[in-house]
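Visitor: Turn this into a structure:
(chains A, B and C)
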Amino acid sequence: MTSSTALWYASRATGVVALVLLTVVVVLGIMVSRRGRLPGLPRFATTSLHRSMSLLAVAFIAIHVVTAIADPYVTIGIAAAVIPFASPYKPLWLGLGAISFDMIVALVATSLARARIGRRTWRAVHWLAYACWPVAVLHGIGSSTDLRTGWLLLLTICCCAVVLAAASWRIGTAIAAPGRALRPARALAAAELSSAELSSAELSTAGRQATDQRLTTAGAR
Amino acid sequence: MSMLAARVSDQHRSQDSQPLPRRAIPAGQSGLPRLLPPTAQLAAADPRRSLDFAAHLVRHGLPRFRGAALIEQAGAAGLTGRGGAAFPVATKLAAVNGAGRPAIVVGNAAEGEPASSKDAALLWFSPHLVLDGLQAAAEAVGARTAYLCLHAARRQSGPDLATHIRIALANRSAAGTDRASVELVEAPPRFLAGEESALVAIINGGAARPRDKTRRVSERGVEGRPTLVQNVETLANLALIARHGAAWFRSVGTADEPGSMLCTVRDPDGRVRIVETALGTPLHRLVWLGDDVQALLVGGYHGGWLAVGAAGQLSLSNADLRPAGAMIGAGVLVALPAAYCGLAETARIARSLALESAGQCGPCFNGLPAIAAALAAVAEPRPADHELANLGRWAGLVAGRGACHHPDGTVRFVASALSVFAGEIGEHSRGRCTAVRSDQFLPLHAAALSESDWR
Amino acid sequence: MSRETTRLRVNPIACSGHGVCAELLPELVTLDEWGYPVLSADGTVPLWLMRDARRATTDCPALALTLTSILAMPSGRGGLRGSSEEPQRPGRAGAGKVAT
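Guide: As a prediction, this is how the structure comes out:
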């Protein structure tokens, strides 16, 4: 195998790994925002893993880009890594890759500087993640036939399905969540309901013990 | 005074229409009224007379102290905010002035407290004093822009306060003495609308919700500029201090709490009076505390209940009221008739306060509803030991953990009720209620149903 | 010699009850029955918990935690001087601290 082929394989391989990692990062990010827990792990593991996986993804993307540029078989040019559509080879698909890469740089940079730039700015930029992932997938599908054949096609379909499911969950809970104006009313309805349960339990002939049991669960809710 | 009471009642919250309440100014208060027109004129009062700018200048004269000199006088006078928080005015003026950037002044008449109508009365009967104070404050902090925030007009019938103020402003612009421009803003009828950062948010075009206190309004407020927010009664007092000086201001009141205060007094028959009185006046001289009264609410719905016997011994001063679990607040005094159930009234108010939460801070929008539901159970004539235990726990859990003082004030109010109405709690636990009437005595806001109710 | 205390503070509006802080800093933070943080000891952070406190501050998904360094002057002056509020970044000792 020539060094050129090695570089070419390396680029394709790291690209596939990066896609999987980005999928994991997006799903973990959605889990953080919806306060989901990974089974058997504490809550801070979700945020920690999201952060470490994203840094790992950046590392793989960096190798992916460098090997692609270094490969002498096709001319891509250094600028094409960050400037969209600047590559002489497959400008459209590699351009999508550049766009995705730019967005990832923005996401990671703002996240590292989160404390400095403030919550609102950070959140506004972080919404780019929902745009970044599909653009990366399109880049992968269009740049080479890898993701369109065989096992890798299956992998791509799985990644898309997972992200679609997670995103639907995210949108679903966001729609169902009461806005600030309705939160007190919702909490009041819930409190009145639990208070009514308490009083009917007290009136029942089951006795004091049943009441105490209900109380503990109500208090812990 | 009767016309004043009736007009104010119709304009805002009371449902009463009977004429002629009782006493006007308590005896022994020389030099009063300061802010309101003299009593003799009020009996046949037409607020339109208060719009005459020339007559206003004849009555009060021209300001002597301006700018830095005024800040100094306000400090010597010990003027504190009349909106409820009683923060020293000179300190606020100095802070905004010291910010070094062009500032903005906001007059606060949002009056989110449902039982209070003194700010509206002041604007009806002494608009020029308030506007003078706005200009004086603007000059003191280097502001060229001022806003006056009014409570949203509830009823379309009858005279409109905004129009009244606009006429006053037009009369002043003819004289040409005002340097700062004044814009009228309508605040939504929310309990929290009068909170400093919530008011600034309204002016900035947002919802009437408090902001985090690390972003101080005196540094970054309206349009990101240093902003001075003062209650309109405070501004009126400032206008008078600008004319008569600190010693004059201190000639009524106590040494620690100088000056006068406008109080919204609700008598047991339901009638509302606006009373201007010196701080330190005994409460029994301000409100009827006879046998038909069971308790006195002092300070509004973030204040506290006092048993009628205890209230008879106390005066309108925080030195007396705070140790008793109440405070002057915005000067609301409500005499609860014995015919009503104090617990039921408190439960109704607590429910309203829970729904008035901005919904931003977890301990508040979860804790206050929990407290309200438990209180509703206590207010029923049945045993409620578990609810009482929960109330104690939640009170400790909720206070101090919000971005504003809504949870703290609500807890203070509820705690005072549990103390003052302890006898009634005992009766309820035995399945009885001593009340005769079950209708609502105290006014409440209509519940906010959607986001638009906050803008 | 002046004493410096660091205090942890929750921005109650930003906080949405993720509960990460309570896991990373259980000595200082417990969760109430609705999932929101309750700080013990007024939020004062002892030296041996500084690292954990900084981690909790950076890991909070809502960026609702801040660490404030307050410099207390010696008894003569009796008061607080120079407080800065900046979320702490890992690896830095604390913004606004005056070297003594």
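Visitor: can we go C-alpha only for contacts and neighbour counts from here?
Guide: Will do.
Visitor: Quick check: beta-bridge partners of residue B:282?
Guide: Judged by DSSP bridges, the bridge partners of residue B:282 are residue B:315.
Visitor: what about residue B:344, distance to residue B:382?
Guide: Here the criterion is Cα to Cα, to the nearest Å. By it, residue B:344 lies 13 Å from residue B:382.
Visitor: any idea how far residue A:159 is from the residue positioned nearest the centre of chain A?
Guide: Closest to where the C-alpha atoms of chain A average out (Cα atoms, centre = their mean) is residue A:26, at 1.1 Å. Remark: distance between residue A:26 and residue A:159 (Cα to Cα) = 10 Å.
Visitor: Over to residue B:396?
Guide: Relative to residue A:159, and taking Cα to Cα, residue B:396 is found at 48 Å.
Visitor: more crowded one of the two?
Guide: residue A:159 (20 against 12; other Cα atoms under 10 Å in any protein chain shown).
Visitor: on that earlier part again, got phi/psi on the residue nearest to the centre of chain A?
Guide: Main-chain dihedrals, residue A:26, degrees, to the nearest 10: phi -60, psi -40.
Visitor: same deal with residue B:105?
Guide: Torsion angles, degrees, to the nearest 10, at residue B:105: phi -110, psi 140.
Visitor: dump the residue contacts of it.
Guide: Residue B:105 is in contact with B:134, B:137, B:138, B:143, B:145, B:146, B:147, B:227, B:228, B:229, B:230, counting by Cα atoms under 8 Å, 6 or more residues apart in numbering or on different chains.
Visitor: Provide a ChimeraX selection command restricted to the buried entries of these.
Guide: To isolate the buried ones among the contacts of residue B:105 in ChimeraX, judged by 16 or more other Cα atoms under 10 Å in any protein chain shown, type:
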select /B:134,137,138,143,145,146,147,227,228,229,230
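Visitor: Please tabulate the contacts of residue B:105 in CSV and include distance to residue A:124 and secondary structure as additional columns.
Guide: Converted to CSV, the contacts of residue B:105 look like this (distance: Cα to Cα, whole Å; DSSP: H, G, I helix; E, B strand; the rest coil):
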residue, distance to residue A:124, secondary structure
B:134, 39, helix
B:137, 38, helix
B:138, 37, helix
B:143, 34, strand
B:145, 32, strand
B:146, 33, strand
B:147, 31, strand
B:227, 27, strand
B:228, 31, strand
B:229, 31, strand
B:230, 34, strand
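Visitor: give me every residue that touches the residue of the stretch 51-200 of chain B at minimum distance from chain A.
Guide: With Cα to the nearest Cα, the shortest gap between the stretch 51-200 of chain B and chain A falls at residue B:190, namely 11.6 Å. Neighbour list for residue B:190: B:112, B:208, B:356, B:445, B:448, B:454 [criterion: Cα under 8 Å, 6+ apart].
Visitor: mind checking which helix or strand of chain A has the lowest mean pLDDT?
Guide: Here the helix or strand of chain A ranked lowest by mean pLDDT, DSSP states H and E is helix A:208-220, holding a mean of 53.
Visitor: Report the contact partners of the closest residue to residue B:289 other than its chain neighbours.
Guide: Nearest residue to residue B:289, sequence neighbours excluded (Cα to Cα, 6 or more residues apart in numbering or on different chains): residue B:308, at 6.4 Å. Going by Cα under 8 Å, 6+ apart, residue B:308 touches B:289, B:293, B:294, B:295, B:296.
Visitor: Just among the residues you listed, which is most surrounded?
Guide: residue B:296 (29 neighbours).
Visitor: any idea how far that one lies from residue B:378?
Guide: Distance, residue B:296 to residue B:378, by Cα to Cα: 20 Å.
Visitor: ok, for the one residue sitting closest to the centre of chain B, nearest residue in space, not its chain neighbours?
Guide: Of all residues in chain B, the one closest to the mean position by Cα atoms, centre = their mean is residue B:330, 3.2 Å from it. The shortest distance from residue B:330 to any non-neighbouring residue, by Cα to Cα, 6+ apart, is to residue B:84 (4.3 Å).
Visitor: Next, that neighbour: secondary structure please.
Guide: The local conformation at residue B:84, judged by DSSP: H, G, I helix; E, B strand; the rest coil, is coil.
Visitor: any idea where the helices of the stretch 51-200 of chain B begin and end?
Guide: Counting by DSSP state H, counting those that start in this stretch, the stretch 51-200 of chain B has helices at residues B:53-60, B:67-77, B:89-97, B:118-125, B:127-141, B:161-175, B:196-203.
Visitor: Serialize those helices to TSV and add fields for mean pLDDT and distance to chain C.
Guide: Formatted as TSV, those follow (pLDDT from 0 to 100; distance: least, Cα to the nearest Cα, whole Å):
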stretch	mean pLDDT	distance to chain C
helix B:53-60	89	43
helix B:67-77	95	22
helix B:89-97	95	17
helix B:118-125	93	30
helix B:127-141	96	25
helix B:161-175	92	33
helix B:196-203	96	13
